[in-house]
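Participant: Below are the sequence and a predicted model for it; my questions follow.
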Amino acid sequence: MTRKVFFGILVVLSFCLIGNTSWAALNFRYPDRIEYIKNYYDSHRTLTRTVKRGDTLWTIFKELGILKKNISCLERLQDFYSPKPGDCLKIVVQEKTALVDRVELLSGGNVYLFGKSAGKWTFYDINYPVLKIREVVSGVIDENMYTAGIKAGLHPGVILDLSDIFSSDVDFNTDLRRGDIFVILLEKEVRNGRERDSRILAARMVVQGESFEAFYFNVPGKGEGYYDRNGNSKERFFLKAPLQYRRISSYFTARRFHPILKIYRPHYGIDYAAPAGTPVSALGDGVVTFAGWKGGYGKYVEIRHGHGYKTTYGHLSRFARGIRAGKKVKRGELIGYVGSTGLATGPHLDFRFYVNGKPVNFLKTKWPHVTSVPRSHMARFRSLCDEYVKLMDDEYVKALALARAHNGSSKK
(Lines give C-alpha, C1' and ligand atoms only; values in the text may rest on other atoms or scores of the structure.)
Protein backbone atom coordinates (compact mmCIF):
# COMPACT_ATOMS: atom_id res chain seq x y z
CA MET A 1 0.00 0.00 0.00
CA THR A 2 2.67 2.51 1.02
CA ARG A 3 4.72 1.46 -1.99
CA LYS A 4 1.93 2.59 -4.31
CA VAL A 5 1.58 5.87 -2.46
CA PHE A 6 5.30 6.63 -2.58
CA PHE A 7 5.59 5.62 -6.23
CA GLY A 8 2.74 7.99 -7.05
CA ILE A 9 4.50 10.73 -5.14
CA LEU A 10 7.68 10.04 -7.08
CA VAL A 11 5.93 10.26 -10.46
CA VAL A 12 4.34 13.61 -9.56
CA LEU A 13 7.24 15.30 -7.83
CA SER A 14 10.51 13.61 -8.73
CA PHE A 15 11.31 15.85 -11.67
CA CYS A 16 11.13 19.06 -9.66
CA LEU A 17 13.05 17.57 -6.73
CA ILE A 18 16.09 16.06 -8.48
CA GLY A 19 18.76 18.73 -8.40
CA ASN A 20 18.19 21.76 -10.57
CA THR A 21 17.11 19.86 -13.69
CA SER A 22 14.40 21.70 -15.62
CA TRP A 23 11.33 20.17 -17.32
CA ALA A 24 12.67 21.30 -20.71
CA ALA A 25 16.00 19.52 -20.15
CA LEU A 26 14.19 16.37 -19.03
CA ASN A 27 11.95 16.37 -22.08
CA PHE A 28 14.97 16.80 -24.32
CA ARG A 29 17.00 14.00 -22.71
CA TYR A 30 14.11 11.68 -21.86
CA PRO A 31 11.05 12.05 -24.12
CA ASP A 32 9.73 8.95 -22.36
CA ARG A 33 9.42 9.99 -18.70
CA ILE A 34 8.84 6.41 -17.56
CA GLU A 35 12.28 5.64 -19.02
CA TYR A 36 13.63 8.54 -16.99
CA ILE A 37 12.18 7.13 -13.79
CA LYS A 38 13.64 3.71 -14.59
CA ASN A 39 17.09 5.22 -15.18
CA TYR A 40 16.74 7.20 -11.99
CA TYR A 41 16.02 4.08 -9.95
CA ASP A 42 18.90 2.24 -11.61
CA SER A 43 21.30 4.90 -10.32
CA HIS A 44 19.74 5.15 -6.83
CA ARG A 45 18.88 2.78 -4.01
CA THR A 46 16.16 3.03 -1.37
CA LEU A 47 16.85 2.38 2.32
CA THR A 48 13.72 1.64 4.32
CA ARG A 49 13.49 1.92 8.09
CA THR A 50 10.63 1.73 10.60
CA VAL A 51 11.27 3.97 13.59
CA LYS A 52 11.69 2.21 16.92
CA ARG A 53 11.50 3.63 20.43
CA GLY A 54 14.64 5.60 21.21
CA ASP A 55 15.57 6.21 17.56
CA THR A 56 16.84 9.59 16.39
CA LEU A 57 17.69 10.74 12.88
CA TRP A 58 21.37 10.51 13.83
CA THR A 59 21.08 6.86 14.97
CA ILE A 60 19.01 5.95 11.90
CA PHE A 61 21.46 7.54 9.45
CA LYS A 62 24.39 5.93 11.29
CA GLU A 63 22.76 2.48 11.29
CA LEU A 64 22.12 2.76 7.54
CA GLY A 65 25.76 3.77 6.94
CA ILE A 66 25.00 7.17 5.41
CA LEU A 67 25.78 9.54 8.30
CA LYS A 68 29.25 10.85 7.39
CA LYS A 69 28.38 12.08 3.91
CA ASN A 70 24.97 13.54 4.80
CA ILE A 71 25.47 15.70 7.91
CA SER A 72 24.09 18.85 6.28
CA CYS A 73 21.04 16.99 4.95
CA LEU A 74 20.37 15.47 8.36
CA GLU A 75 20.71 18.80 10.19
CA ARG A 76 18.23 20.41 7.79
CA LEU A 77 15.78 17.49 8.08
CA GLN A 78 15.84 17.85 11.87
CA ASP A 79 14.39 21.34 11.50
CA PHE A 80 11.20 19.81 10.05
CA TYR A 81 10.84 16.33 11.51
CA SER A 82 11.33 14.31 14.73
CA PRO A 83 11.02 10.50 14.45
CA LYS A 84 8.11 8.80 16.22
CA PRO A 85 7.87 5.06 16.88
CA GLY A 86 6.01 3.39 14.02
CA ASP A 87 6.91 6.03 11.39
CA CYS A 88 8.24 4.70 8.10
CA LEU A 89 11.24 6.35 6.42
CA LYS A 90 12.35 5.69 2.86
CA ILE A 91 15.71 7.31 2.21
CA VAL A 92 16.74 7.41 -1.44
CA VAL A 93 20.51 7.72 -1.94
CA GLN A 94 22.72 7.95 -5.01
CA GLU A 95 24.29 4.59 -5.76
CA LYS A 96 27.81 5.92 -6.46
CA THR A 97 28.15 8.68 -3.86
CA ALA A 98 25.78 7.53 -1.04
CA LEU A 99 24.46 11.12 -0.90
CA VAL A 100 20.82 11.46 0.11
CA ASP A 101 18.61 12.50 -2.77
CA ARG A 102 15.33 12.64 -0.86
CA VAL A 103 13.50 11.22 2.18
CA GLU A 104 9.93 9.96 2.03
CA LEU A 105 8.07 9.87 5.36
CA LEU A 106 4.88 8.16 6.46
CA SER A 107 3.95 9.47 9.90
CA GLY A 108 0.59 9.15 11.64
CA GLY A 109 -1.14 8.36 8.37
CA ASN A 110 0.30 11.51 6.76
CA VAL A 111 2.82 11.54 3.89
CA TYR A 112 5.72 13.98 3.62
CA LEU A 113 8.66 14.36 1.23
CA PHE A 114 12.02 15.99 1.96
CA GLY A 115 14.20 16.77 -1.05
CA LYS A 116 16.12 19.40 -2.97
CA SER A 117 14.43 22.00 -5.14
CA ALA A 118 16.50 24.70 -6.83
CA GLY A 119 19.47 23.51 -4.78
CA LYS A 120 17.72 23.95 -1.41
CA TRP A 121 16.43 21.29 0.95
CA THR A 122 12.64 21.59 1.16
CA PHE A 123 10.00 19.78 3.21
CA TYR A 124 6.71 18.99 1.43
CA ASP A 125 3.38 18.02 2.94
CA ILE A 126 1.80 16.04 0.10
CA ASN A 127 -1.23 14.53 1.80
CA TYR A 128 -4.14 13.50 -0.35
CA PRO A 129 -7.72 14.38 0.68
CA VAL A 130 -9.70 11.99 2.86
CA LEU A 131 -11.80 9.59 0.80
CA LYS A 132 -15.00 8.07 2.18
CA ILE A 133 -15.67 4.56 0.91
CA ARG A 134 -18.73 2.45 1.65
CA GLU A 135 -18.44 -1.29 2.05
CA VAL A 136 -20.99 -3.98 2.96
CA VAL A 137 -19.76 -6.88 5.08
CA SER A 138 -21.72 -9.95 6.17
CA GLY A 139 -21.07 -13.08 8.16
CA VAL A 140 -22.56 -16.12 9.84
CA ILE A 141 -22.11 -16.95 13.51
CA ASP A 142 -20.27 -20.20 14.10
CA GLU A 143 -18.60 -19.94 17.51
CA ASN A 144 -19.17 -16.34 18.62
CA MET A 145 -19.52 -12.80 17.30
CA TYR A 146 -15.83 -11.96 17.60
CA THR A 147 -14.50 -14.91 15.59
CA ALA A 148 -17.26 -14.49 12.97
CA GLY A 149 -16.45 -10.78 12.64
CA ILE A 150 -12.72 -11.37 12.28
CA LYS A 151 -13.40 -14.08 9.68
CA ALA A 152 -15.51 -11.55 7.73
CA GLY A 153 -12.62 -9.09 7.77
CA LEU A 154 -13.94 -6.69 10.41
CA HIS A 155 -11.61 -4.70 12.65
CA PRO A 156 -11.99 -5.66 16.37
CA GLY A 157 -13.12 -2.10 17.10
CA VAL A 158 -16.00 -2.42 14.62
CA ILE A 159 -17.07 -5.70 16.27
CA LEU A 160 -17.19 -3.95 19.65
CA ASP A 161 -19.18 -1.07 18.12
CA LEU A 162 -21.70 -3.57 16.73
CA SER A 163 -22.04 -5.20 20.15
CA ASP A 164 -22.66 -1.79 21.74
CA ILE A 165 -25.27 -0.80 19.14
CA PHE A 166 -27.35 -3.95 19.73
CA SER A 167 -26.60 -4.31 23.46
CA SER A 168 -30.24 -3.59 24.39
CA ASP A 169 -31.57 -6.17 21.90
CA VAL A 170 -29.04 -8.98 21.99
CA ASP A 171 -26.99 -10.55 24.76
CA PHE A 172 -23.88 -11.46 22.79
CA ASN A 173 -22.84 -14.01 25.40
CA THR A 174 -26.01 -16.09 25.59
CA ASP A 175 -28.42 -15.20 22.75
CA LEU A 176 -26.30 -15.97 19.69
CA ARG A 177 -26.71 -19.34 17.97
CA ARG A 178 -24.83 -21.09 15.19
CA GLY A 179 -26.26 -19.84 11.88
CA ASP A 180 -27.32 -16.39 13.12
CA ILE A 181 -26.24 -13.69 10.65
CA PHE A 182 -25.09 -10.08 10.53
CA VAL A 183 -24.85 -7.54 7.70
CA ILE A 184 -23.00 -4.25 8.19
CA LEU A 185 -22.75 -1.16 5.98
CA LEU A 186 -19.44 0.56 6.77
CA GLU A 187 -18.18 3.99 5.86
CA LYS A 188 -14.37 3.95 5.77
CA GLU A 189 -12.14 7.02 5.77
CA VAL A 190 -9.02 6.48 3.65
CA ARG A 191 -6.14 8.90 3.34
CA ASN A 192 -2.80 8.36 1.64
CA GLY A 193 -3.77 4.77 0.94
CA ARG A 194 -4.32 4.02 4.64
CA GLU A 195 -7.62 3.39 6.40
CA ARG A 196 -8.02 5.95 9.17
CA ASP A 197 -11.43 5.20 10.62
CA SER A 198 -14.57 3.13 10.09
CA ARG A 199 -18.13 3.95 11.07
CA ILE A 200 -21.13 1.65 10.99
CA LEU A 201 -23.81 3.40 8.89
CA ALA A 202 -26.34 0.59 9.17
CA ALA A 203 -26.49 -2.96 10.48
CA ARG A 204 -28.86 -5.90 10.55
CA MET A 205 -28.69 -8.94 12.82
CA VAL A 206 -30.86 -12.05 12.69
CA VAL A 207 -30.69 -13.81 16.05
CA GLN A 208 -32.69 -17.00 16.59
CA GLY A 209 -34.96 -15.96 13.71
CA GLU A 210 -35.63 -12.46 15.04
CA SER A 211 -34.35 -9.51 12.99
CA PHE A 212 -32.85 -6.33 14.49
CA GLU A 213 -31.79 -3.23 12.55
CA ALA A 214 -29.85 -0.08 13.36
CA PHE A 215 -29.26 3.08 11.30
CA TYR A 216 -26.79 5.86 12.01
CA PHE A 217 -28.30 9.36 12.01
CA ASN A 218 -27.11 12.77 13.17
CA VAL A 219 -29.97 14.82 14.58
CA PRO A 220 -29.12 18.54 14.30
CA GLY A 221 -28.83 20.03 17.77
CA LYS A 222 -29.08 16.63 19.50
CA GLY A 223 -26.09 14.71 18.17
CA GLU A 224 -25.50 11.40 16.48
CA GLY A 225 -26.80 7.97 17.37
CA TYR A 226 -28.34 4.74 16.11
CA TYR A 227 -32.06 4.23 15.56
CA ASP A 228 -34.42 1.51 14.40
CA ARG A 229 -36.43 1.99 11.21
CA ASN A 230 -39.20 3.71 13.16
CA GLY A 231 -36.77 6.34 14.44
CA ASN A 232 -36.51 4.97 17.99
CA SER A 233 -33.08 5.11 19.58
CA LYS A 234 -31.25 1.78 19.86
CA GLU A 235 -30.06 2.92 23.26
CA ARG A 236 -32.53 2.09 25.99
CA PHE A 237 -32.60 3.20 29.60
CA PHE A 238 -31.15 -0.12 30.72
CA LEU A 239 -28.66 -2.75 29.58
CA LYS A 240 -29.98 -6.17 28.70
CA ALA A 241 -27.93 -7.66 31.55
CA PRO A 242 -25.59 -6.15 34.16
CA LEU A 243 -22.74 -8.61 33.43
CA GLN A 244 -21.39 -11.29 31.14
CA TYR A 245 -22.75 -14.52 32.55
CA ARG A 246 -22.62 -18.24 31.84
CA ARG A 247 -26.23 -19.06 32.62
CA ILE A 248 -29.22 -18.06 34.73
CA SER A 249 -29.30 -20.37 37.75
CA SER A 250 -32.53 -19.03 39.29
CA TYR A 251 -35.40 -17.09 37.73
CA PHE A 252 -38.01 -14.67 39.06
CA THR A 253 -40.60 -16.77 40.92
CA ALA A 254 -43.01 -16.62 43.83
CA ARG A 255 -41.85 -20.05 45.09
CA ARG A 256 -38.28 -21.32 45.04
CA PHE A 257 -36.55 -23.90 47.25
CA HIS A 258 -33.66 -22.12 48.96
CA PRO A 259 -30.52 -24.31 48.70
CA ILE A 260 -29.16 -23.20 52.10
CA LEU A 261 -32.24 -22.49 54.21
CA LYS A 262 -34.00 -25.62 52.80
CA ILE A 263 -37.39 -23.90 52.62
CA TYR A 264 -39.65 -22.62 49.85
CA ARG A 265 -39.93 -18.86 49.59
CA PRO A 266 -40.28 -16.18 46.87
CA HIS A 267 -37.27 -15.31 44.75
CA TYR A 268 -38.08 -11.94 43.24
CA GLY A 269 -34.87 -11.65 41.29
CA ILE A 270 -32.56 -13.30 38.79
CA ASP A 271 -29.42 -15.24 39.69
CA TYR A 272 -26.73 -14.88 37.03
CA ALA A 273 -24.11 -17.63 37.42
CA ALA A 274 -20.63 -16.32 36.54
CA PRO A 275 -17.04 -16.87 37.66
CA ALA A 276 -15.91 -15.07 40.81
CA GLY A 277 -14.46 -11.70 39.91
CA THR A 278 -16.63 -11.14 36.82
CA PRO A 279 -17.26 -7.36 36.47
CA VAL A 280 -20.77 -6.13 37.32
CA SER A 281 -22.10 -2.93 35.72
CA ALA A 282 -24.83 -0.48 36.60
CA LEU A 283 -27.90 -1.35 34.55
CA GLY A 284 -28.59 2.31 33.82
CA ASP A 285 -27.82 5.87 34.88
CA GLY A 286 -28.57 6.52 38.52
CA VAL A 287 -27.39 7.24 42.06
CA VAL A 288 -26.02 4.66 44.49
CA THR A 289 -28.25 4.69 47.57
CA PHE A 290 -26.54 1.84 49.43
CA ALA A 291 -23.18 0.02 49.17
CA GLY A 292 -22.28 -2.30 52.02
CA TRP A 293 -23.16 -5.53 53.77
CA LYS A 294 -26.83 -6.48 53.81
CA GLY A 295 -27.62 -9.75 55.60
CA GLY A 296 -28.04 -12.77 53.33
CA TYR A 297 -27.22 -10.65 50.26
CA GLY A 298 -23.67 -10.16 51.50
CA LYS A 299 -21.89 -7.27 49.80
CA TYR A 300 -24.73 -5.40 48.17
CA VAL A 301 -25.30 -2.32 45.98
CA GLU A 302 -28.58 -0.48 45.47
CA ILE A 303 -29.06 2.10 42.71
CA ARG A 304 -31.99 4.51 42.21
CA HIS A 305 -32.50 5.31 38.52
CA GLY A 306 -35.34 7.83 38.61
CA HIS A 307 -38.89 7.41 37.24
CA GLY A 308 -39.53 4.96 40.09
CA TYR A 309 -36.89 2.43 38.97
CA LYS A 310 -34.44 0.76 41.37
CA THR A 311 -31.91 -2.08 40.92
CA THR A 312 -30.00 -4.17 43.45
CA TYR A 313 -26.88 -6.32 43.14
CA GLY A 314 -26.11 -8.97 45.77
CA HIS A 315 -23.40 -11.49 46.78
CA LEU A 316 -20.60 -9.30 45.38
CA SER A 317 -17.02 -10.22 46.22
CA ARG A 318 -16.01 -6.54 46.36
CA PHE A 319 -17.08 -3.10 45.26
CA ALA A 320 -15.50 -1.09 42.45
CA ARG A 321 -13.33 1.82 43.51
CA GLY A 322 -15.36 4.85 44.57
CA ILE A 323 -18.71 3.04 44.82
CA ARG A 324 -20.50 4.44 47.85
CA ALA A 325 -23.85 5.93 48.78
CA GLY A 326 -24.46 9.18 46.90
CA LYS A 327 -22.21 8.42 43.92
CA LYS A 328 -23.71 9.04 40.48
CA VAL A 329 -23.13 6.20 38.03
CA LYS A 330 -23.63 5.86 34.28
CA ARG A 331 -25.22 3.03 32.33
CA GLY A 332 -22.60 0.27 32.01
CA GLU A 333 -20.27 1.74 34.66
CA LEU A 334 -18.39 -0.80 36.80
CA ILE A 335 -19.84 -1.08 40.32
CA GLY A 336 -18.46 -4.37 41.65
CA TYR A 337 -17.44 -7.98 41.04
CA VAL A 338 -19.25 -11.31 41.23
CA GLY A 339 -18.75 -13.26 44.45
CA SER A 340 -20.53 -15.53 46.92
CA THR A 341 -20.78 -13.37 50.04
CA GLY A 342 -23.83 -13.81 52.29
CA LEU A 343 -26.12 -16.84 51.83
CA ALA A 344 -24.75 -18.25 48.57
CA THR A 345 -23.63 -21.73 47.53
CA GLY A 346 -21.35 -20.45 44.75
CA PRO A 347 -20.36 -17.34 42.83
CA HIS A 348 -23.29 -15.58 41.19
CA LEU A 349 -25.04 -12.21 41.04
CA ASP A 350 -28.43 -11.82 42.72
CA PHE A 351 -29.99 -9.09 40.57
CA ARG A 352 -33.36 -7.48 41.34
CA PHE A 353 -35.42 -4.82 39.63
CA TYR A 354 -38.11 -2.66 41.26
CA VAL A 355 -40.73 -0.30 39.83
CA ASN A 356 -42.28 2.06 42.38
CA GLY A 357 -41.05 -0.20 45.16
CA LYS A 358 -42.46 -3.43 43.74
CA PRO A 359 -40.24 -6.22 42.34
CA VAL A 360 -40.81 -7.02 38.64
CA ASN A 361 -39.49 -9.70 36.32
CA PHE A 362 -36.77 -7.85 34.45
CA LEU A 363 -36.49 -10.54 31.75
CA LYS A 364 -40.12 -10.08 30.67
CA THR A 365 -40.31 -6.30 30.68
CA LYS A 366 -39.91 -3.97 27.67
CA TRP A 367 -38.11 -0.75 28.47
CA PRO A 368 -38.51 2.66 26.81
CA HIS A 369 -36.05 4.09 24.31
CA VAL A 370 -33.82 6.94 25.44
CA THR A 371 -34.91 9.20 22.56
CA SER A 372 -36.28 9.18 19.01
CA VAL A 373 -35.80 11.06 15.74
CA PRO A 374 -37.89 14.30 15.81
CA ARG A 375 -40.80 14.41 13.36
CA SER A 376 -39.20 17.33 11.53
CA HIS A 377 -36.28 15.05 10.54
CA MET A 378 -38.15 11.81 9.89
CA ALA A 379 -38.40 12.29 6.10
CA ARG A 380 -34.63 12.62 5.75
CA PHE A 381 -34.08 9.72 8.18
CA ARG A 382 -36.43 7.40 6.28
CA SER A 383 -34.77 8.33 3.00
CA LEU A 384 -31.38 7.34 4.43
CA CYS A 385 -32.83 4.09 5.80
CA ASP A 386 -34.17 3.17 2.35
CA GLU A 387 -30.80 3.96 0.78
CA TYR A 388 -28.88 1.88 3.36
CA VAL A 389 -31.28 -1.08 3.16
CA LYS A 390 -30.88 -1.25 -0.63
CA LEU A 391 -27.11 -1.32 -0.21
CA MET A 392 -27.32 -4.15 2.34
CA ASP A 393 -30.00 -6.31 0.68
CA ASP A 394 -27.77 -8.17 -1.80
CA GLU A 395 -25.28 -9.06 0.91
CA TYR A 396 -28.17 -10.03 3.20
CA VAL A 397 -29.44 -12.56 0.65
CA LYS A 398 -25.94 -14.03 0.37
CA ALA A 399 -25.66 -14.27 4.15
CA LEU A 400 -29.04 -16.04 4.38
CA ALA A 401 -27.95 -18.60 1.79
CA LEU A 402 -24.68 -19.14 3.62
CA ALA A 403 -26.53 -19.53 6.94
CA ARG A 404 -28.85 -22.16 5.44
CA ALA A 405 -25.84 -24.06 4.09
CA HIS A 406 -24.17 -23.68 7.47
CA ASN A 407 -27.20 -25.05 9.35
CA GLY A 408 -27.60 -27.87 6.84
CA SER A 409 -24.01 -29.03 7.31
CA SER A 410 -24.31 -28.89 11.09
CA LYS A 411 -27.28 -31.29 11.05
CA LYS A 412 -25.40 -33.96 9.11
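Facilitator: Thanks, I have it.
Participant: who's in contact with stretch 218-236?
Facilitator: The contact list for stretch 218-236 (Cβ atoms under 8 Å, 6 or more residues apart in numbering) reads 165-166, 168-169, 200, 212-217, 367-374, 377-378, 381-382, 385. For every residue, glycine as well, the C-beta is placed using N, CA and C.
Participant: Compute the mean per-residue pLDDT across stretch 404-412, please.
Facilitator: Regarding stretch 404-412, the rounded mean pLDDT is 61.
Participant: all strands for the stretch 151-300 of the chain, in order.
Facilitator: 181-191, 194-207, 210-219, 223-227, 247-250, 253-257, 264-267, 270-273, 279-281, 286-293, 299-306 (DSSP state E, counting those that start in this stretch).
Participant: In TSV, list those along with mean neighbour count and mean pLDDT.
Facilitator: Converted to TSV, the strands of the stretch 151-300 of the chain look like this (neighbours: other Cβ atoms under 10 Å; pLDDT from 0 to 100):
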stretch	mean neighbour count	mean pLDDT
strand 181-191	20	87
strand 194-207	19	85
strand 210-219	18	94
strand 223-227	16	90
strand 247-250	15	75
strand 253-257	12	64
strand 264-267	14	71
strand 270-273	21	90
strand 279-281	20	93
strand 286-293	16	97
strand 299-306	20	95
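Participant: Next, format those as TSV and append distance to Phe61.
Facilitator: Listed next are those as TSV, based on distance: least, Cβ to Cβ, whole Å:
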stretch	distance to Phe61
strand 181-191	28
strand 194-207	26
strand 210-219	47
strand 223-227	46
strand 247-250	61
strand 253-257	75
strand 264-267	72
strand 270-273	60
strand 279-281	49
strand 286-293	58
strand 299-306	59
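Participant: what's the burial count for Val51?
Facilitator: For Val51, the neighbour count with other Cβ atoms under 10 Å is 20.
Participant: cool, and Thr50?
Facilitator: Thr50: 12 neighbours (other Cβ under 10 Å).
Participant: Show the model's pLDDT score for it.
Facilitator: On the pLDDT scale, Thr50 gets 90.
Participant: mind checking how far the closest residue in space to Val207 that isn't next to it in sequence is from Gly139?
Facilitator: With sequence-adjacent residues excluded and distances taken as Cβ to Cβ, 6 or more residues apart in numbering, Val207 is closest to Asp180, at 4.9 Å. As defined by Cβ to Cβ, to the nearest Å, Asp180 lies at a distance of 10 Å from Gly139.
Participant: ditto for Phe123
Facilitator: 44 Å.
Participant: Compare neighbour counts for the two and give me the winner.
Facilitator: It is Gly139, of Phe123 and Gly139, that has more neighbours when counted by other Cβ under 10 Å, with 23 against 15.
Participant: just checking, the more buried one is part of a helix?
Facilitator: No. Using DSSP: H, G, I helix; E, B strand; the rest coil, the assignment for Gly139 is strand, not a helix.
Participant: Against Phe353, how distant is it?
Facilitator: Per Cβ to Cβ, Gly139 is found 34 Å from Phe353.
Participant: Nearest to His44, out of the strands of the stretch 151-300 of the chain?
Facilitator: Among those, the nearest to His44 by Cβ to Cβ is strand 194-207 (25.2 Å).
Participant: Who are the packing partners of the closest one?
Facilitator: helix 156-165, strand 181-191, strand 210-219, helix 378-411 (3 or more Cβ pairs under 8 Å, 6 or more residues apart in numbering; DSSP states H and E).
Participant: The residue nearest to Asn144 when sequence neighbours are not counted - how many residues pack around it?
Facilitator: Distances taken as Cβ to Cβ, 6+ apart place Leu176 nearest to Asn144, at 6.6 Å, with adjacent residues excluded. The burial count assigned to Leu176 is 20, neighbours taken as other Cβ under 10 Å.
Participant: and if you look at Lys84?
Facilitator: Using other Cβ under 10 Å, Lys84 is surrounded by 11 other residues.
Participant: What strand or helix carries it?
Facilitator: Using DSSP states H and E, Lys84 is not contained in any helix or strand.
Participant: what are the phi and psi values for it?
Facilitator: Backbone geometry at Lys84, expressed as degrees, to the nearest 10, gives phi -120, psi 140.
Participant: And the pLDDT for the nearest residue in space to Tyr146 that is not next to it in sequence?
Facilitator: Ranked by Cβ to Cβ, 6+ apart and with sequence neighbours excluded, the top spatial neighbour of Tyr146 is Ile159, at 5.7 Å. Per-residue pLDDT puts Ile159 at 90.
Participant: Quick one: residues contacting Ile159.
Facilitator: Ile159 neighbours (Cβ under 8 Å, 6+ apart): Met145, Tyr146, Gly149, Ile150.
Participant: nearest to Lys310, of the residues you listed?
Facilitator: Met145 (31.4 Å).
Participant: For the nearest residue to the closest one once chain neighbours are set aside, grab the count of nearby residues.
Facilitator: Excluding its sequence neighbours, the residue lying closest to Met145 (Cβ to Cβ, 6+ apart) is Phe172, at 5.2 Å. Counted with other Cβ under 10 Å, residues neighbouring Phe172 total 20.
Participant: Now do the contacts for Phe172.
Facilitator: Residues near Phe172 by Cβ under 8 Å, 6+ apart: Asn144, Met145, Ser163, Phe166.
Participant: Could I get these in a markdown table, plus columns for distance to Ser107 and neighbour count?
Facilitator: Below are the contacts of Phe172 laid out as a markdown table (distance: Cβ to Cβ, whole Å; neighbours: other Cβ atoms under 10 Å):
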| residue | distance to Ser107 | neighbour count |
| --- | --- | --- |
| Asn144 | 37 | 13 |
| Met145 | 34 | 22 |
| Ser163 | 32 | 16 |
| Phe166 | 37 | 24 |
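Participant: for these, which one is nearest Gly54?
Facilitator: For the contacts of Phe172, the nearest to Gly54 is Ser163 (37.7 Å; Cβ to Cβ).
Participant: didn't the closest one look like it was pressed against Gly149?
Facilitator: No. Using Cβ atoms under 8 Å, Ser163 is not in contact with Gly149, being 9.3 Å away.
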